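A.B. asks: attaching a predicted model along with its sequence, questions to come.
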Amino acid sequence: MRRTARLLTGTALAVGTAALAAAPAYGGAAATRPVRAPTGSLEVYPSTAIPGGQVTVNTAACGDKGGATGDAGAVGAGVFTLAPTTHQGEAIGQFQVPPSAQPGTYEIVAKCAEGSRQVTGDLVVALGAAHEQMQPRGSLKTGVGGALGPDPVQTAAGVTALAVAAAGGTWLLHRRARGDGI
């Protein structure tokens, strides 16, 4: 009886925990709002860019009227300015990813003009269509040959030679089976 009670209690506890974990943290219209980054961080948009692409960064860490100096030196873009806006006390700035940027993840830094507050965000540089690797095309001269070469006349001659050889071999096997000899 005790064992069954423990089993049932454990199962009920697991089901209750799973139900609580699956339930939304808050409901209604608030659930449809986009999730904003915490006040002490630097938002990077787009978070994945291609070399030569434009990137926008913003932060609310510097207060309502605080600008900031951005540093994208890790990716090779240098220093840029984040200017204060009226949009929820954010400072916004832009920079361009250099065309020579290599794929990888880079830390972008912003230092508030007032005070010594510093916030960071990550930028992922990915290769775009212009930088994709070229795939090899065509045939290689290895000396082995291929089933179908680039010259249709040579292909036809090869197929004809194989057909004649097959017919001759069949004829010889047939004569031998009849006992005519070779």
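C.D. replies: Sure thing, it's come through.
A.B. asks: quick check: mean pLDDT across the longest helix along the chain?
C.D. replies: As assigned by DSSP state H, the longest helix anywhere in the chain is helix 152-178. When pLDDT is averaged over helix 152-178, the result is 85.
A.B. asks: can you list the low-confidence ranges for the chain?
C.D. replies: Low-confidence segments of the chain (pLDDT under 70): 1-40, 129-136, 139-150, 181-182.
A.B. asks: which parts of it are strands?
C.D. replies: 43-45, 48-49, 54-59, 68-71, 79-84, 91-96, 104-112, 118-125 (DSSP state E).
A.B. asks: in TSV: those strands, plus mean neighbour count.
C.D. replies: Using the backbone N, CA and C atoms, a C-beta is placed for each residue, glycine as well. Listed next are these as TSV, based on neighbours: other CB atoms under 10 Å:
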stretch	mean neighbour count
strand 43-45	19
strand 48-49	18
strand 54-59	20
strand 68-71	22
strand 79-84	16
strand 91-96	21
strand 104-112	18
strand 118-125	18
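A.B. asks: mind giving me CSV with the ones you listed and columns for distance to His174?
C.D. replies: Shown next, in CSV, are the strands of the chain (distance: least, CB to CB, whole Å):
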stretch, distance to His174
strand 43-45, 79
strand 48-49, 70
strand 54-59, 78
strand 68-71, 86
strand 79-84, 86
strand 91-96, 79
strand 104-112, 70
strand 118-125, 71
